[in-house]
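*Asks:* pasted the sequence and its predicted model underneath.
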2 protein chains.
Amino acid sequence: MERRTRQRSAIQEALSSAERPLTPAEVLEMAQAKVPNLGLATVYRALRSMIEEGSAHLVDIPGTPPRYESSHLGHHHHFHCRTCLQVFEVDGCPGNLARLAPPGFVLDGHEVVLYGRCTRCAAA
Amino acid sequence: MERRTRQRSAIQEALSSAERPLTPAEVLEMAQAKVPNLGLATVYRALRSMIEEGSAHLVDIPGTPPRYESSHLGHHHHFHCRTCLQVFEVDGCPGNLARLAPPGFVLDGHEVVLYGRCTRCAAA
DNA sequence: GCGCTAATGATAGTGTATTCTCAATAGCGC
DNA sequence: GCGCTATTGAGAATACACTATCATTAGCGC
């Protein structure tokens, strides 16, 4: 059966305490505050099982490294800053996307990515 | 200066005659109808210069291989069939996305990807 | 047609993300 | 505490997309 380990707890906590999607390297760095010699492979293993059980999911924006985020946040989208290259959460959803699907196509999900500059970079 | 070659013409024609984004391997296969021993490196070289000059662009949907499409189609989005894994064009655009961006963020572009099943797979 | 040189084809190489390997470690039921 | 075995850590290995290399081919201006 599956065991509860310090490593896995540290990884889950890192993800769920972050307010944005994290790269595996960022997860590793944050979780190492709790478990100093945590390995990257363990991060990947934990992320994989979290995705399988639905408690995390992948956020992959072209041109950026893959990031992972906790599923405890509801349905939302992302904003990619072209200047600092970070990814931010965006609450809300355009809605009514079914009308865009071609006739006969069955829609069961969607992703929206906004591009531009975040507050900090827009001000600079 | 840049020369007009049979290879490049075949690649450009393959892309612009397709009604959906193509992977480099698909471009290779289609263009080989015209230039039998075309190489993959040439496809990548042609795609790169087409992107630089703005006549093609990348369509990268997470979980699928990168695809390329001709820019002669206007602004539009994509539909990814979860069954046959192909990518289709979607005319139209949700619009009014600026209201989703957090305050202070400057929006200058967006991508929308719809997921579901295409007509053929929905019927099967 | 000639010559210059950009473009090509085949394949090796690169970069990045992720998984595998395997000996050592450590949950958890008893 | 004991033992079983899932999990871990470190680095090697893999997968994939793409680029570099280099000898050969072939546009294009004259």
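*Replies:* Alright, I've got the coordinates. Residues are numbered from 1 along each chain as shown, chains lettered A, B, ... in the order given.

*Asks:* just the buried positions in the lowest-mean-pLDDT helix or strand in chain A, please.
*Replies:* Ranking every helix and strand in chain A by mean pLDDT, DSSP states H and E puts strand A:87-90 at the bottom, with a mean of 89. When burial is assessed from 16 or more other C-beta atoms under 10 Å in any protein chain shown, strand A:87-90 yields the following buried residues: A:87-90. Backbone N, C-alpha and C define where each C-beta goes, glycine included.

*Asks:* list the strands paired with it, with their directions.
*Replies:* In its sheet, strand A:87-90 lies beside strand A:77-81 (antiparallel), with partners assigned from DSSP bridges.

*Asks:* which other residues reach the partner strand?
*Replies:* A:21, A:59, A:61, A:64, A:86-90, A:92-93, A:111-118, A:121, B:100-102, B:105 (C-beta atoms under 8 Å, 6 or more residues apart in numbering or on different chains).

*Asks:* restrict that strand to CA atoms and write it as CSV.
*Replies:* Once side chains and other backbone atoms are set aside, the C-alpha atoms of strand A:77-81 remain, and they are given as CSV (Å, rounded to 0.1, in the frame of the first residue of the first chain):
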residue,chain,number,x,y,z
HIS,A,77,-6.8,30.0,-16.1
HIS,A,78,-3.3,31.4,-16.4
PHE,A,79,-1.5,34.6,-17.3
HIS,A,80,2.0,34.4,-18.7
CYS,A,81,4.2,37.5,-18.3
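
*Asks:* hmm, it in reach of DNA strand C?
*Replies:* No. If you take C-beta under 7 Å from any atom of the strand as the test, strand A:77-81 misses DNA strand C, and the best it gets is 14.5 Å.

*Asks:* and that strand, what's its mean pLDDT?
*Replies:* Strand A:77-81 comes out with an average pLDDT of 92.

*Asks:* next, count neighbours for residue A:59.
*Replies:* By other C-beta atoms under 10 Å in any protein chain shown, 22 other residues sit near residue A:59.

*Asks:* remind me, longest strand of chain A?
*Replies:* Longest strand in chain A by number of residues, with DSSP state E as the criterion: strand A:106-117.

*Asks:* what strands line up against it, and which way round?
*Replies:* With DSSP bridges as the criterion, the sheet partners recorded for strand A:106-117 are strand A:77-81 (parallel), strand B:106-117 (antiparallel).

*Asks:* lovely, talk soon.
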